[in-house]
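In: Provided below are the primary sequence and the corresponding predicted coordinates.
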Amino acid sequence: MSNIKFTSEEYDLLTELINVAMGLSAAELAKLFDHFVNLKVPSVNIESSENLPETIIKHSLFAELEEVIVVHQKFDNDYSLKGEGAIIFNQKTQEAILPLLDLKPDDIGTAEFNDFLLEFSGQLISSCLSNLLKQFFENPTTFESPVIISKEETLRHVAYKSFEYGYQQYGDILYSKIDFIIDIVNFQCDLFFFIDTESLSYLQKVLQKMLSENN
Amino acid sequence: MSFTILVVDDSAFARKVLTNSLKSIFSGKDFILSEAGDGEEAMSIIKADAPDFLFLDLTMPIMDGYQLLSELKKLNINIPTVVISADVQGEAVKKVNEYGVLGFLSKPLNKEEITKLLAEVKII
C-alpha cells in the first residue's frame, strides 16, 4: 500500500494536465502519420512499486501472453522530478508503422527499423512528458537515450523481467497510462510513465499550489 | 433576460477554470451555470433544462463529446456549442465543425481566448 495519498482534486488536476500533454503529442503523431489518433481519458494512480508488473499487465491494451516490444526512457527535470517512461506495442502495430510512413518491408533493414522504433518511441515519450512537465516547471526536462528492453517476449514476461526488480528502489510510484490508437491501420500503443516517491511529494506540492491559485 | 450555460468536462479543475472565466466575462449579466462530468449527464441536463449555450470537452468517459454532438444531432436539438479540448489534431477540429459548433478552444484554457471567441460569435 502507498503511504502517499493524493486527494481527488489532486488526481483530477494531474489527469487534466496529462490530458493536455496527451492531446499535444497526439497532434504530433497524427501529423507524422497523417491519420487521426483516437484518445481516451488517461489513467493515473499511485501504487507500491512491487505491484508494478501486475499493474502493467492489468492496464495494458495488450493481452498478457501477447508478444510485445517495449522501449524505455529515463527523464529528469532538474533533479526535482524524475522517473521513467515506457512505450509498449505489439507486432501488429510494428507492422502498421511502415505503411503509415509509405514504406514497404523491403525498403528498410532490421537494424534500420530498430533504430526507427527507438527514435519514434523516444520522441513519443519525450514529447508527452515534456508537454506535461512544462505545465509545472520552467526548466526543460532532460531525457536519457531510449532503450529497447524487450522484443518478442510476452507482456507478462517483460512486466516481471523489466519492471519488478529495477523499480523496488522507488517505493511508492505514480504511474500513468495513455493509449494512442489509430483504428484503421491497427496501430495501438500504451505509454506508461512512472515517477518515484521523492518526486511524488514534490509533485503533490506543485499540484496543491496550482489548485490554491485557482480557488 | 436570463440565460443558462452548461459546462461539460470530466475534469472538475477544467470546469472550475472555465466557470471562473465565464463568471468574470458575464459579470453583471443574469445567467445560470450548470455543470456535467460526461456526455450522459449532460444529456439529462439538456433534456431537463434546455440550456442556451454549451461548452463541451471531447475526451470524456461514458459518453464523449463526439457522441454527445451526434446524439444532439439525431434528436434535432440545436444548442450553440463551443468545444473545449486538449485534442488539438486538425481532424478533431474538422470533425466537430461538421456538427456546426460555434468554435473550438484548445486547452489549457485562458480567459482572453474565451472572451475573444465569444466576441467573434457575437455572444458578448
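Out: Yes, it's here.
In: OK, contacts around the residue in chain B that chain A sits nearest to?
Out: Ranking the residues of chain B by distance to chain A (Cβ to the nearest Cβ) places B:Ala86 first, at 3.2 Å. From N, CA and C alone the C-beta is placed, and that goes for glycine too. Contacts of B:Ala86 were listed using Cβ atoms under 8 Å, 6 or more residues apart in numbering or on different chains, and they are A:19-24, B:59, B:106-108.
In: A:Tyr79: which of these is nearest?
Out: For A:Tyr79, the closest of the contacts of B:Ala86 turns out to be A:Ala21, at 20.9 Å, with distances computed as Cβ to Cβ.
In: quick one: mean pLDDT for the strand or helix carrying that closest one?
Out: Secondary structure assigned from DSSP states H and E places A:Ala21 in helix A:8-33. Taken as a whole, helix A:8-33 has a mean pLDDT of 95.
In: of the contacts of B:Ala86, closest to A:Ile97?
Out: Closest to A:Ile97 out of the contacts of B:Ala86 is A:Met22 (19.6 Å), distances taken as Cβ to Cβ.
In: quick check: closest non-adjacent residue to that closest one.
Out: Distances taken as Cβ to Cβ, 6 or more residues apart in numbering or on different chains put A:Ile178 closest to A:Met22, at 4.9 Å, once the chain neighbours are dropped.
In: ditto for A:Pro53
Out: The spatially closest residue to A:Pro53, leaving aside those adjacent along the chain, is A:Ala159, at 4.0 Å (Cβ to Cβ, 6+ apart).
In: mind listing the residues bridging to the spatially most central residue of chain B?
Out: Among the residues of chain B, B:Phe55 comes closest to the average C-alpha position under Cα atoms, centre = their mean, at 0.9 Å. Using DSSP bridges, the bridge partners assigned to B:Phe55 are B:Val7, B:Val82.
In: now it: how far from A:Ser8?
Out: Taking Cβ to Cβ, to the nearest Å as the measure, B:Phe55 and A:Ser8 are separated by 22 Å.
In: get me the contact residues on chain A for chain B.
Out: Proximity of chain A to chain B is confined to A:9, A:12-13, A:15-16, A:19-24, A:26-27, A:30, A:36-37, A:39-41, A:135, A:211, A:214-215 under the rule Cβ under 8 Å from any Cβ of the partner chain.
In: residue ranges of the strands in chain B, please?
Out: For chain B, the strands identified by DSSP state E occupy B:3-8, B:31-36, B:53-57, B:81-85, B:103-106, in order along the chain.
In: among those strands, which is nearest A:Ile69?
Out: Shortest separation from A:Ile69 across the strands of chain B is recorded for strand B:81-85, at 30.4 Å, computed as Cβ to Cβ.
In: ok, the residue nearest to the centre of chain B - contacts?
Out: Taking Cβ under 8 Å, 6+ apart as the criterion, B:Phe55 is in contact with B:5-9, B:18, B:22, B:81-82, B:84.
In: again, only using 7 Å
Out: With contact set as Cβ atoms under 7 Å, 6 or more residues apart in numbering or on different chains, B:Phe55 has these partners: B:5, B:7-8, B:18, B:82, B:84.
In: which members of the residues you listed are the farthest-apart pair?
Out: Using Cβ to Cβ, the two most remote members of the contacts of B:Phe55 are B:Ile5 and B:Ile84, lying 12.2 Å apart.
In: what about the two, which has more around it?
Out: Per other Cβ atoms under 10 Å in any protein chain shown, whichever of B:Ile5 and B:Ile84 has more neighbours is B:Ile84, with 27 against 21.
In: what is the burial count for the closest residue to that one other than its chain neighbours?
Out: What sits nearest to B:Ile84 in space, not counting adjacent residues and going by Cβ to Cβ, 6+ apart, is B:Leu105, at 4.8 Å. B:Leu105 sits with 18 neighbouring residues when counted by other Cβ under 10 Å.
In: do the same with B:Ser24
Out: 11.
In: for it, give its distance to B:Leu118.
Out: The gap separating B:Ser24 from B:Leu118 is 12 Å, by Cβ to Cβ.
In: where does chain A get nearest to chain B, residue-wise?
Out: Of chain A, the residue with the smallest distance to chain B, taken as Cβ to the nearest Cβ, is A:Gly23 at 3.2 Å.
In: OK, contacts around that residue?
Out: When contacts are counted by Cβ under 7 Å, 6+ apart, A:Gly23 is found next to A:39, B:85-88.
In: by neighbours, which of these wins?
Out: When neighbours are taken as other Cβ under 10 Å, the top entry among these is B:Asp87 (31 neighbours).
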